[in-house]
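Novice: sequence first, predicted model second:
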Amino acid sequence: MSTRHILLGLLASGPSHGYDLKRRHDERFPQARPLAYGQVYTTLQRLVRDGLAEVDGTASDGGPERTAYRATDEGARELERWAGEIAPPAPFVTNEIFAKVVVSILTGGDAGAYLLAQRAAHMGRMRELTALKTAPGADLTTVLSADYALSHLDADLRWMTTTAARLTTLTTEVRTA
Amino acid sequence: MTHGDTATATHGTAAPPLLTARDLVKAHGRTEALRGASLGLRAGEILAVTGASGSGKSTLLHCLAGIVRPDAGSVTYGGLRLEELPEKRLSELRRTDFGVVFQFGQLIPELTAVDNVALPLLLAGTTRAEARARAGEWLERFGVRGQEELRPGEMSGGQAQRAALARALVTGPKAVFADEPTGALDSLATEQVMTALAHTARESGTAVLLVTHDAQVAAYADREVRLRDGAVSPLEVTA
Amino acid sequence: MTTLTSDIRLARQLVHGSDRREWWRIALTAAGAAAATGFALAAVTLASVPSGYTVSHFHGLLTGAGTRGGVISGLLLLLVPVLAFLGQCTRIGAVHRDRRLAGLRLAGATPWQVRRIAALETGLACLLGSAVATVFSALSVLRLWSGPTAATWVGFALVAVGVPALGAVAGAVALRRVVASPLGRVRRTVRRSGRGPGLLFLSGLTVLVAVAPLAMNRGHVAGNRFDWHTPLTVFCLVVALGAGVVWLAGATARFTGRLLAERARTAAPLIAAERLRDDPWAPARTHAAVLLVTVAGTAFLCIRHALLTDLHAMAPDHRAADLAYYTTGLDLTGAAVLVALAITLSGLAVGTAESLATRRRTLAAQVAAGVPHTVLGRALLLETALPLAPALLLAGAGGMAIGTWYATLTSDGSLPWTALLVAPAVYASCLLAAATALPLLRRSVRPGELRYA
């Protein structure tokens, strides 16, 4: 995930300062990890260094001093290029669950019990996300980002169900290899 | 249902179960669909029953809803033992206290949507005009608008299922039994049907027993019970 | 030939793997075909009796060429309810058979292969029935009649082969929709227009108009030769009348359905009325034969009354024959009407049972939702009762009109009160016939039906 491009995208609607950018990011992408303010600040500085953004001005409004930034023409072109570029369909998936299952088999642990517990945790999170998206007044941004997470959790869950059903075969294969 | 009670302490006060099944056994010919399944459905909760194909989900729903009698075990509802009631009384109970939704087939193909929804009210003795008016309100609550006079064959699958939900809820039942209600729908229609079901059930305090093999559908429930080989596996009750 | 044997093998496998209803269809189709063959063979035998030959049975009724023609017409008329019954039998399991053959089409069978298989399925069942009937008819002809002619046996062969052939053709024609589209009828959104019976009515009427004058003329000249025009005229009259009655029954069914669907106050009439409004032609087809029998029965009682009054009024020496000669003829006709009624009622019972079997999934879902069996049973009976009441009233009135016309022509114009009872009696027996399907309702709504698509 390119924080650079997301901040550039948020700047596209007009000049904005760091705190405002962080707030808008967390609003737009509710299921993503919230941005740290420090991360926003360093990313903005790199954007200025690369000529993709520039300082728009400083204002204090009686409070602490704030620097507003705006995107340059080059920044707008770069953003357009990035937005049209296809995301590579995950060539390597880090599968922590699978790794734990295999390690558990190798060390003589109970992989089945682990999968059940993991399944329960996944279901719990899915229920939370479903409650979030069906809450009255939930906006479409929330619904869609919850859906994205739900589909991924569902994929994990399916994989766990089929794996749980084939644990015996997997155990023999792992132990003999 | 002993396993779930401890597991769902989070679900407000520990209300007594509305419907309790104990050690249900049911065979279809030579295959045993249920082998000692126990379960409790609390008032107002949405309970998902999941499990692999053939694990006995539908049979469990049929036993709980009083549609079939178990070979052994008991189903208790409001002090009544369902397996001991005569068919006439069971049928009345299903009409007044329960609602059912299946994957499809529950709407009469020759009746319009509004008449289908009005049918349980007509059976209860409501006048036709009043029944149709109330059916219309329920269809509107489920977002079926402008299609009241269409027959099920003329509606999309999602609309027909929402009409079926309206029909199941129109009498104000204590419990609704839904067997794969979204089994034939795409994900968007599934979301609409499930959101409608979850909202209305919570609003009216209706308990829902939801049989599904789809985790995303099961996630609409307050808790989940997994069946394996015709019994509730103790480790697999999640809240 | 290899394609034929492979088709036969496929048809056999399909029948083997199917449920009990398929066997019901085969058994009832065979029974219907046997009845059709029997009546046709009797007609052929009588037609082949050389003129001047004295038949001692039935008080010599069959000796005269004229009365023999009448009996032949009667036998041919009996084919009408038999054919209606056969039509009902082919509907048994029709939905499932449509689906099965559509599956064959999807699996890559050509339209002709599907047609052949469908034709074989029906044709073989008809062949079974016609073979049994032919054997027994041949045996009784040999026992009763010392000198059957070559024409008799030719006629026998034609009927024995013709009935299964016609059955096969009908079986193939019934599947034209499946053959046209492998997906069959997935959704029932198309309404049938009901133009079919109207066209049949018009064509029957056209043939009638063409043939009737011939029959009138030849009737006098015919003398010794067997006259085929009269039976044909009567047959066309019946076809035209039948199609008209189907159309009338359909129209009344639709009208009743529309009228009651809006006014129904309880569940059973609402379900029945909406089913009528949705497809008024299904009950119309079933009820057409019932209406025809009612017209015939009512008219027959009036004519019988008029004839007997006439005969009794006549001095014994003025009569052309013994009184028993006439009463035997009348009794035979009465028996034929009763046989027709019995066959028709069987068709009605089969039709009701079939409509239950086709809908068993929906019905099971209704019972699961707590709709009482009694409501569904009442709706089922109302589906028969509602459209039949006005149609039977009309049929009874029609029969009385014919009777009155005949009575004013020949005798004092008095009418028997029994004729008025025909329509209500038929109505009651139709309800009883439909009620025979009610035990099936209880059996077909098993929760097991909820599990399959």
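Specialist: That came through fine. Numbering: from 1, shown residues only, chains lettered A, B, ... in the order given.

Novice: show me what from chain A comes close to chain B.
Specialist: Residues of chain A lying close to chain B by C-beta under 8 Å from any C-beta of the partner chain are A:113, A:116, A:119-120, A:122-124, A:126-127, A:129-130, A:134, A:147, A:150-151, A:153-154, A:157-158, A:161, A:165. The way it works is simple: take the backbone N, C-alpha and C, and place the C-beta from them, glycine included.

Novice: can you tell me which of the residues you listed are buried?
Specialist: A:116, A:119-120, A:122-123, A:126-127, A:129-130, A:134, A:147, A:150, A:153-154, A:157, A:161 (16 or more other C-beta atoms under 10 Å in any protein chain shown).

Novice: so which of those residues sit within helices?
Specialist: A:116, A:119-120, A:122-123, A:126-127, A:129-130, A:134, A:147, A:150, A:153-154, A:157, A:161 (DSSP state H).

Novice: return the residues in contact with the residue sitting nearest the centre point of chain B.
Specialist: By C-alpha atoms, centre = their mean, chain B has its centre lying nearest to residue B:177, at 1.0 Å. Counting by C-beta atoms under 8 Å, 6 or more residues apart in numbering or on different chains, residue B:177 touches B:61, B:64, B:65, B:98, B:99, B:100, B:101, B:208, B:209, B:211.

Novice: find the centremost residue of chain A, please.
Specialist: Geometric middle of chain A (C-alpha atoms, centre = their mean) lands on residue A:32, at 4.1 Å.

Novice: shouldn't that one be within a strand?
Specialist: No - read with DSSP: H, G, I helix; E, B strand; the rest coil, residue A:32 is coil and lies in no strand.

Novice: in this structure residue B:169 contacts residue B:98, no?
Specialist: No - in this structure residue B:169 lies outside contact range of residue B:98 using C-beta atoms under 8 Å: 10.8 Å.

Novice: can you pull the residues that touch both of these two?
Specialist: residue B:176.

Novice: looking at the buried ones among the residues of chain A next to chain B, which is nearest residue B:155?
Specialist: Nearest to residue B:155, judged by C-beta to C-beta, of these is residue A:134 at 23.5 Å.

Novice: got a pLDDT number for residue B:84?
Specialist: The model reports residue B:84 with a pLDDT of 91.

Novice: tally of neighbours for it?
Specialist: 11 (other C-beta atoms under 10 Å in any protein chain shown).

Novice: measure it to residue C:355 for me?
Specialist: As for residue B:84, its distance to residue C:355 is 35 Å (criterion: C-beta to C-beta, to the nearest Å).

Novice: now swap in residue A:122 and tell me
Specialist: Relative to residue C:355, and taking C-beta to C-beta, residue A:122 is found at 49 Å.

Novice: any chance you could map the helices in chain A?
Specialist: Going by DSSP H, chain A shows helices at A:3-11, A:18-28, A:37-49, A:73-84, A:96-106, A:111-134, A:140-165, A:167-176.

Novice: so which of those is nearest residue C:252?
Specialist: Closest to residue C:252 of the helices of chain A is helix A:111-134 (C-beta to C-beta; 51.4 Å).

Novice: quick check: mean pLDDT across that closest one?
Specialist: The average pLDDT within helix A:111-134 is 92.

Novice: got the contact list for it?
Specialist: Contacts of helix A:111-134 (C-beta under 8 Å, 6+ apart): A:31, A:97, A:100-101, A:104-105, A:138, A:142-143, A:146-147, A:149-150, A:153-154, A:156-157, A:160-161, A:163-164, A:167, A:170-171, B:195, B:198-199, B:215-216, B:218-222, B:224, B:235-236, B:238-239.

Novice: and what of stretch C:131-145?
Specialist: The list of residues contacting stretch C:131-145 from outside it, by C-beta under 8 Å, 6+ apart, reads C:30, C:33-35, C:37-38, C:41-42, C:45, C:49, C:57, C:148, C:152, C:156, C:159-160.

Novice: just stretch A:142-156 next, same as before
Specialist: Contacts for stretch A:142-156 (C-beta under 8 Å, 6+ apart): A:29-32, A:97, A:122, A:125-126, A:129-130, A:132-133, B:191, B:215-216, B:219.

Novice: in the stretch 51-200 of chain C, which spans are helices?
Specialist: Assigned by DSSP state H, counting those that start in this stretch, the stretch 51-200 of chain C shows helices spanning C:65-91, C:94-106, C:111-144, C:150-174, C:176-180, C:195-221.

Novice: how about a markdown table for those helices, with mean pLDDT and mean neighbour count added?
Specialist: Shown next, in a markdown table, are the helices of the stretch 51-200 of chain C (pLDDT from 0 to 100; neighbours: other C-beta atoms under 10 Å in any protein chain shown):
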| stretch | mean pLDDT | mean neighbour count |
| --- | --- | --- |
| helix C:65-91 | 77 | 22 |
| helix C:94-106 | 73 | 18 |
| helix C:111-144 | 84 | 20 |
| helix C:150-174 | 82 | 18 |
| helix C:176-180 | 63 | 16 |
| helix C:195-221 | 56 | 15 |
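
Novice: now these as a markdown table including distance to residue C:446?
Specialist: Converted to a markdown table, the helices of the stretch 51-200 of chain C look like this (distance: least, C-beta to C-beta, whole Å):
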| stretch | distance to residue C:446 |
| --- | --- |
| helix C:65-91 | 22 |
| helix C:94-106 | 17 |
| helix C:111-144 | 27 |
| helix C:150-174 | 29 |
| helix C:176-180 | 28 |
| helix C:195-221 | 36 |
